[in-house]
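Participant: Let's see this in three dimensions:
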Amino acid sequence: MNIIWASSFNVRPETPAPNFLPSPLNVTFRRGELAVLGCSVYNLGTKTVVWRRQESSFPLTSGTMTVVADERIQIGHVDFKNQWDLMIKNVQPEDEGVYECQVASTNKYMRRMVTLTVIDSSAEAPEISISDEQYVERGEPVNLHCNATGQHYIPDEIDWFRNGERVTSEKHSGIKLFKQLSIAHKTFTSILSIDKATMEDNGVYVCRSSNMRIANTKVHVLNAETSNKKRGTYHDGYTDEQVSSGHMQSSAPNIREVTFAYIFLCILLVLKY
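Facilitator: The predicted structure follows:
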């Protein structure tokens with residue numbers, strides 16, 4: 001009986017084999033960004049995680065140590081955590097390709113492939129634009145257009161601000177906001193429309209996309225009302241011509257003088273004949 005118990009105590013439980021946890025297999029970054037290729041291993045034990053490029057047999061990293069002479073490459077790992085992420089600083093198009101996260105297991109290597117894509121930031125960077133500065137008279141309409149372009153997807157929303165205060169259709173009864181989406185061009189267009197501009201609509205207008213791109217413009221509302229009187233006869237009987245020339249007397253005395261001259265001429269003619 002003692003021999004049987006001794007043999008039972010010498011039996012050791014089998015160590016669980018390591019396995020990969022779910023993580024993205026395709027990642028995309030812009031030129032110059034920090035690229036992170038994820039690799040999480042459960043039950044790693046005393047084994048080592050090795051990263052390499054698929055087309056090369058030489059490793060890039062082993063454990064937390066960088067093997068190649070490239071200061072941009074390092075491992076993102078925290079003690080007692082499962083992550084063994086490959087990190088590439090200032091990633092470039094030549095870094096594109098397939099990378100392998102390897103773990104040496106019982107008489108074999110476990111591999112997980114991650115594909116890295118690098119895009120040119122100058123061609124794909126998000127952009128935003130807004131209408132030019134506007135001058136309108138009070139009572140005229142105002143329409144401002146804001147176009148925001150995303151990198152991989154259409155921006156979720158565009159917010160408007162006037163002189164630092166957020167503008168909404170609910171809060172500002174005279175303002176309406178419209179939006180248009182273009183999936184093909186990854187563009188979100190927002191239109192701020194004012195039916196009749198008031199002096200309160202003066203100021204700096206800012207549009208901000210959900211990817212935090214900002215553009216601004218100015219709106220100037222001009223007060224066009226004047227106190228010009230309608231051309232014609234004034235209340236006192238003077239015409240515009242009389243007022244402008246400085247003649248302020250009535251035309252009645254001139255009529256009497258002409259009448260007297262006519263009568264006097266008639267009397268002379270009678271006496272003569």
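Participant: Which strand residues bridge the residue nearest the centre of the chain?
Facilitator: Nearest to the mean C-alpha position of the chain, by C-alpha atoms, centre = their mean, lies residue 209 at 2.9 Å. Note on residue 209: beta-bridge partners by DSSP bridges are residue 158.
Participant: Show me what residue 83 is bridged to.
Facilitator: For residue 83, the beta-bridge partners are residue 40 (DSSP bridges).
Participant: And residue 222, by the same measure?
Facilitator: Beta-bridge partners for residue 222, by DSSP bridges, are residue 137.
Participant: what's it in contact with, if anything?
Facilitator: By C-beta atoms under 8 Å, 6 or more residues apart in numbering, residue 222 lies in contact with 135, 136, 137, 138. Yep, even glycine has a C-beta here, placed from its N, CA and C like the rest.
Participant: now that we have those, which one has the most neighbours?
Facilitator: Most neighbours among the contacts of residue 222, by other C-beta atoms under 10 Å: residue 136, with 19 neighbours.
Participant: Give the pairing partners of the longest strand along the chain; include direction for each.
Facilitator: Identified as the longest strand of the chain according to DSSP state E is strand 108-119. Strand 108-119 has the following strand partners under DSSP bridges: strand 26-30 (parallel), strand 97-105 (antiparallel).
Participant: on that earlier part again, so which of the contacts of residue 222 is the closest to residue 205?
Facilitator: For the contacts of residue 222, the closest approach to residue 205 (C-beta to C-beta) belongs to residue 136, at 12.7 Å.
Participant: Surely residue 154 touches residue 180?
Facilitator: No - with contact defined as C-beta atoms under 8 Å, residue 154 does not count as touching residue 180 (10.6 Å).
Participant: Save the strands paired with strand 108-119 as JSON lines, and put in mean pLDDT, distance to residue 213 and mean neighbour count too.
Facilitator: What follows is these, written out as JSON lines (pLDDT from 0 to 100; distance: least, C-beta to C-beta, whole Å; neighbours: other C-beta atoms under 10 Å):
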{"stretch": "strand 26-30", "mean pLDDT": "90", "distance to residue 213": "15", "mean neighbour count": "15"}
{"stretch": "strand 97-105", "mean pLDDT": "89", "distance to residue 213": "31", "mean neighbour count": "18"}
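Participant: is it possible to export those to a markdown table including distance to residue 77?
Facilitator: Listed next are those as a markdown table, based on distance: least, C-beta to C-beta, whole Å:
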| stretch | distance to residue 77 |
| --- | --- |
| strand 26-30 | 18 |
| strand 97-105 | 12 |
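Participant: Of all those, which one is nearest residue 184?
Facilitator: Nearest of the strands paired with strand 108-119 to residue 184, taken as C-beta to C-beta: strand 26-30 at 19.3 Å.
Participant: which residues of this protein score low on pLDDT?
Facilitator: 1-13, 105-107, 121-125, 225-262, 264-273 (pLDDT under 70).
Participant: and the end-to-end length of stretch 155-169?
Facilitator: End-to-end distance for stretch 155-169: 20 Å, by C-alpha to C-alpha, to the nearest Å.
Participant: And this protein, split by domain according to the record?
Facilitator: 15-121, 126-222 (automatic domain parsing).
Participant: Mind putting the ones you listed into JSON lines with distance to residue 263?
Facilitator: Listed next are the domains of the chain as JSON lines, based on distance: least, C-beta to C-beta, whole Å:
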{"stretch": "domain 15-121", "distance to residue 263": "103"}
{"stretch": "domain 126-222", "distance to residue 263": "60"}
